[in-house]
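In: have a look; sequence and predicted model below, questions after that.
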Amino acid sequence: VMRLTKPTLFTNIPVTCEERDLPGNLFNQLMKDDPSTVKGAETLMLGEMLTLPQNFGNIFLGETFSSYISVHNDSSQVVKDILVKADLQTSSQRLNLSASSAAVAELKPDCCIDDVIHHEVKEIGTHILVCAVSYTTQTGEKMYFRKFFKFQVLKPLDVKTKFYNAETDEVFLEAQIQNITTSPMFMEKVSLEPSMMYNVAELNTVDTAGESESTFGARTYLQPMDTRQYLYCLKPKQEFAEKAGVIKGVTVIGKLDIVWKTNLGERGRLQTSQLQRMAPGYGDVRLSLETIPDTVNLEEPFDITCKITNCSERTMDLVLEMCNTNSIHWCGVSGRQLGKLHPSSSLHLALTLLSSVQGLQSVSGLRLTDTFLKRTYEYDDIAQVCVVSSEIKQS
Amino acid sequence: SNAKDAKSTSDEDDSRDIVQQKTQEEILFHEETIDLGGDEFESEGNETVSEDSNNFVDKLNEQMMESVIISDSPNNSEDDTGELGCLQEIVDQMEAKDNQKTQTEVDKEEILSNESETEHEETPKDISEIGTDDQASLKEESIQEAVKEEPMLGNNIPVETKPNNIDESTPEDQVLSPSTTKPSSEAEPIPVCTIFSQANNASSQPQLFLPDGFEPQMVKSPSFSSIIETPVKSNPQVVQPSPSLSKFFGDTVNTNTLASDFFDSFTTSNFISVSNPNASSSVPEQMSSLSNGGDGSSSNPTFPVQNGRPEAGGPPSTLEITQSPKPFSQIQAVFAGSDDPFATALNMSELDRRNDAWIPSEETRNVLISVATQQYSAVFIDKENLTMPGLKFDNIQGDAVKDLMLRFLGEQAAVKRQVLNVNSVEQSFVGLKQLISSKNWRAAVDLCGRLLTAHGQGYKKSGLPASHTTDSLQLWFVRLALLVKLNLFQNAEMEFEPFGNLDQPDLYYEYYPNVYPGRKGSMVPFSMRILHAELPQYLGNPQESLDRLHSMKIICAKILENLEQGLAEDGSMTNITQENRQASVQLWRSRLGRVMYSMANCLLMMKDYVLAVDAYHSVIKYYPHQEPQLLSGIGRIFLQIGDIKTAEKYFQDVEKVTHKLDGLQSQIMVLMNRAFLHLGQNNFAEAHRFFTEILRIDSSNAVANNNAAVCLLYLGKLKDSLRQLEGMVQQDPQHYLHESVLFNLTTMYELESSRSMQKKQALLEAVAIKEGDSFNTQCLKLG
C-alpha cells in the first residue's frame, strides 16, 4: 500500500562555471547530461522529472485520500479466489473503498492485483485503512490476512468570522481564513453561500478600468500560517426585508465554501457550518433613516426621511414628539399623531429641521410614544450631518 | 509477543470466527465495525483481559475503538507496533520492518485459519470477545501514549470507563443492535467520554477568547452528512513538513572522522615524497622562504607584504615551481614573462581584464592602492583582512556504492567494482578533469585537496598565511563546487569560511604587483562568487544567499554602467576598442543574468513564488533564447502552487513563443507542458498520453519516460510502470541511472512486493558498473 499524493518535481542544484575556469565546460556538460535538468536552461532549478511521494505526508480534511493497493503473490504457488477489501475506519464510521468486491479467480506467482482507491476525507482524527485479503491456496486452505495503516487527518484551515450590522439592513461579513498546513495553498474559491433570506455581494475585487482585480493582488496563494481576509456584503431579500420581524434574533447567514489546491493541483474543499449572527435588536419600534443630506447650510432647513417600523407583535398607535437640542431645531408640529401601525408594517415620515451650530452635528431628539401602552421610545444620534456656513457651501 | 500469542489462543478462536464469517458470507453482522479492534490487536499478541468480566457491556464497546482513536495523540503515526504500521512507515521502511512483519503475520494468520474450522454461531459471545479484545487494544494504546509522553490526562480513565460509553455510537449500529445495546445502557450510569470533552475544551477555549472579535468556525467537508461535532483541533506542531527531495537525499557523509589519520598517512604518501620535496617542511617556513624578505612572523597579527620580494626574483619562483609539479605550470609562464617588462604588459590581455574585473570595496581598494603606490615599502595589513584558507577536512574519498556492495552482495562482487580514484589518475589538472567527467567527484575533491596541499594550503593550514595564485583559487573553486554537487554543503561552508566575502585584498592581482605585473582584477573566479552566494541557501539560510547575490548584482550592474560610460569595467580610464567593449558588455550581461538566475532559484527555494516568478521573468531579459524553457518553468511553479489557470496561461505563452521556431525541442516542450497541465487537472490518463507522444518523437527522452511511468502507477498499472522504468534503465544505463529514476523504481519495488531487496540489489549492481563514486546511494533505499 502506498499513498498516492501527487508526484513532485525533482529539483537539482545547479553548479556552473565559465569556460576560462579550470574545469572548462565540464560542469556545464555534466549538467547537460543530467537527465533531470531542463534542456537548454540547465540552471533552472525546477526540473521536469516527476518523483513519487517519498513518505505519507500530511493529509488534511477535505482532501482526497488516494492510495495504491497492490496484492502481490510472493510465493511460487498459484492462489485462487482472491478477495481484496479495503475499508477505511474513521472515528464514526467504516467505509468500503474497494472498487470491486468480486473475487479474482487466480493469482499466479509474481503477479499482482492492483487497485487505486480514492476517498474524500470528511473527518478529522485518526483513520485506519484496513486491507483484508482472503485467498485459497492450492491445497484448498482458506487464508486470510489483514493489514492496518493508520494515519491522522489534520485540519487545514482556520476560519474566523465577524459580523458588522449596517444602519441599513445590510450585514457585512468579514472572514479570516488561515492556512494552517505546511505548504502553500492556492485558494481557488472562497465564496459565501447565503441562506435563503439574503443576497450576497463579494467585496474581494476592485474594479479598475473595467477589469475586476483581486484585492489580494498577484499573490494567488496562501503561505503556511498566512491569513487572508474576505469581505462579503449581505442584503436581505426584498420579501424578507419587508417583514422586519423576520430577521430578528439569531439568524442563519449562510456558509463559506472554500476550495483550494496544493501541489500539482491536489484539491481540497471545505465548508463551514452555518454562520449565525445575532441580529441587532431594534426593540418594539425601529426608526431608520431613509434619506439625509450629508452637508447642509447653517441655519437653513433641510429634509430628512425616516422609516418607522413596528417590530413588535401588536398594533401601535404612535405619537411623534420632537425635542430640540443645542444645535438641532426641528421644524413642524411636535406631538403629532402618526396613526395606527400594525405589526411588521412601517411608515415613512418626512421631517424638516435646521442646525444652528456648525460642524458635524448629531440628529437627536425624536420621541415616539405608543399611546396604547403609554410607552415612549427615544431616538437620539440617529444620524450625523455636516453643517457649514452658507458662504463656504456656495463657494 | 510470542508468549502473549500463546496466552490469547483461547480467545482467538472466536474472533477468528468473525473473520471467517466475514470472508465467507460477507457478514451481515453490524458488528463488522466492531471487530476491527478485535483481531487486529489480537494478532499483535496483546490479549490479556479475561472475557467474562465485561460481557454485558461489550456491545457498548463498539465505539471503544473510536474513542481510543480520537484520544490518540496525533503524533502516533510513528508506532510500529504490529500491523498498525502506518502508511508512512510502509513507504519509508517497507523492507526494513514490514518484511518481517508481513512474514510473521502471514504465518500467524495461516495458523489461525487452520484452527478455526469450527463454526461458531453465538454472536453474543463473539461480541464479548470483541469487547475484550478492544479493551486489550485500548490498553495497548494507552501504553503507547504514555511512552510517547502525550499529555493525555484521561489515559487511564478511558480504560476504566470505556465499557460504559454508549454515546456516539454510529446511527447504523444503534439501529441494528438495539436489543443488545439498550439494556445495559439503561442499567449503567454513563460516565462521559472524558477524552472527548477534554480534547474539546483544551483546544477550543483559547480560540473563543481571542480579543479580535473573530469567531472560530467549524469547517467540515461539504458532503459530510453525519455531523461529528468534535472540533478536535489539530495540533499545529504535529504537522510534519514533508521533506523535500533534497532533504531526503541529505548528506550523510561523516566528514571529519578520519581527517587527522588520513593526514598522517597522506604526508608519507608517494605523491608527496616524489613530487613535492618541500611539502614536509612546515608552512611558516615555506612562507618565509616564499616571501624572502624574511618577515616570517606568522604569529604576528599583521603581515608585512614586501613588494620588494620578487625583486630577488629567482628563489621564490623556482621554489614554487619545484613545489608544485604540474598544476602550477602557468605560474611558470607568468614568471617567465616577468623577466621582460614588455612581455608582462602584453600578458595583461583584454581577456584577462574583462574576466577578472571586479569592484572591490572601499577598504580593499585603499589597501590595493597603497600596495601599488608604496612599491618598495611593506604594507601592513590586518590578519583579518588576509585570506588564509586551508583544507578543513581530509579524505572524503570513499565509495558508498562499494560499501553497499560489500554489505549486500559480498566481497567478491565488491571487488569487481572499479572506479577511478585519486591515485589512479595523473596528479594534475588533467587527472582532475578525468575524475570529474567520470563522475568520481569524491576522488576529485581529494585530488583538489592534494594539489592545494602542494600549494601550502592543505589540511590544518587554515589561518596560516598563504599566497594565492590563479590556480590555487581555481582549485579551491573546483573543490568547493564539487562539495556542493555532492550535497556536502556543511563541508563547503567550512572551507569557504576563510575566504570571507571574497573581497580581501590578497585575492586581487594588484596585491601581487610583481607576480602579476600590471594585471588587475580579482583572482576569484566569477563562478566561485556565485557558488559562495548560493551556498547558504542550501544550509537553510536563503536570506544570506539573497544578500550576497544582491551585492553581486550591484557590482555587475556597476560594471555594465562603467562600460556604457566609456570606462573600463572597474571604472578606470582605459582605452577599450569598440569590439572589446561589446564583448565585455555581453559577458557581464550574461553574468548579471546568472546572478538573477541564482536569485530566482533562491526565491523559489524560499517558496516566495511571486518574487521568484518576477526574477525568472527578468532572467528572460538576459537570456532571451531560454524564454520558452523559463516560461515553462514559471508555469510549473504555478502548477506546484496549485494555480492551474495561471500555469495554463504561461504554457500558452510558451506555445506562442515556440510557434515561431519549430524543431524537435520546442515540440517536446509543448507536449511536456500539456502533459503537466493534465497532471494538474488530475487527468493522469491524458498526461500519460502526452508523455508517450513525446517518446514517439524522441524515444530516448528520459524525463518523458520516467514521467509516463509515474502516470502509469497512478493509473493503477504498477507492472506496466515498472516495465517501462526497467526497460529504460537497461536500455541506456549511462543516462538513466539517475537518482530520481532509481528512486521511483525502488519505491515501486517496495510497493510491489515485500521482497524488493533482490531487485534493489540488482540495481546496485547496475549502478556499480556505470556510476562513479559521487553516486547518491540513498535513492536505492537499501537502508
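Out: Thanks, I have it. Residues are numbered from 1 along each chain as shown, chains lettered A, B, ... in the order given.

In: for A:Glu378, grab the count of nearby residues.
Out: Neighbour count for A:Glu378, taken as other C-beta atoms under 10 Å in any protein chain shown: 13. C-betas here are computed from N, CA, C, even on glycine.

In: what bridges to it?
Out: A:Arg367 (DSSP bridges).

In: any idea which helix is longest in chain B?
Out: helix B:578-605 (DSSP state H).

In: buried ones in stretch B:762-782, by neighbour count?
Out: B:763-764, B:766-768, B:770-782 (16 or more other C-beta atoms under 10 Å in any protein chain shown).

In: looking at the residues you listed, which are in helices?
Out: Per DSSP H, the subset of the buried residues of stretch B:762-782 in helices is B:763-764, B:766-768, B:770.

In: nearest to B:Ser721 among those residues?
Out: B:Leu763 (15.5 Å; C-beta to C-beta).

In: ok, the closest one - contacts?
Out: B:729, B:742, B:745-746, B:780 (C-beta atoms under 8 Å, 6 or more residues apart in numbering or on different chains).

In: what helices or strands is the strand or helix carrying A:Gln337 leaning on?
Out: A:Gln337 is part of strand A:336-341, with elements assigned from DSSP states H and E. Other elements packing on strand A:336-341 under the criterion 3 or more C-beta pairs under 8 Å, 6 or more residues apart in numbering or on different chains; DSSP states H and E are strand A:302-310, strand A:316-322, strand A:346-355.

In: and the gap between the nearest residue to B:Leu751 once chain neighbours are set aside and B:Phe684?
Out: Leaving aside its sequence neighbours, B:Leu751 sits nearest to A:Met2 (C-beta to C-beta, 6 or more residues apart in numbering or on different chains; 4.6 Å). From A:Met2 across to B:Phe684, the span is 15 Å (C-beta to C-beta, to the nearest Å).

In: strands along chain B, start to end?
Out: With DSSP state E as the criterion, chain B has strands at B:215-217, B:219-220, B:302-305, B:379-382.

In: between those, which has the poorest average model confidence?
Out: Within the strands of chain B, confidence is poorest for strand B:302-305, with a mean of 42 (mean pLDDT).

In: ranges for the helices of the stretch 151-300 of chain A?
Out: Along the stretch 151-300 of chain A, counting by DSSP state H, counting those that start in this stretch, helices occupy A:238-242.

In: low-confidence regions, it specifically.
Out: A:167-168, A:209-210, A:212, A:240-250, A:279-283 (pLDDT under 70).

In: put together TSV for the helices and strands packed on strand A:336-341, with mean neighbour count, mean pLDDT and distance to chain B on each row.
Out: Below are those laid out as TSV (neighbours: other C-beta atoms under 10 Å in any protein chain shown; pLDDT from 0 to 100; distance: least, C-beta to the nearest C-beta, whole Å):
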stretch	mean neighbour count	mean pLDDT	distance to chain B
strand A:302-310	18	86	28
strand A:316-322	19	86	35
strand A:346-355	16	86	31
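
In: and the longest helix of chain B, what does it pack onto?
Out: Short answer (3+ C-beta pairs under 8 Å, 6+ apart): helix B:578-605 packs on helix B:350-356, helix B:526-538, helix B:542-564, helix B:609-622.

In: would you convert those helices into JSON lines that also reports mean pLDDT?
Out: Below are the helices and strands packed on helix B:578-605 laid out as JSON lines (pLDDT from 0 to 100):
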{"stretch": "helix B:350-356", "mean pLDDT": "78"}
{"stretch": "helix B:526-538", "mean pLDDT": "91"}
{"stretch": "helix B:542-564", "mean pLDDT": "92"}
{"stretch": "helix B:609-622", "mean pLDDT": "90"}
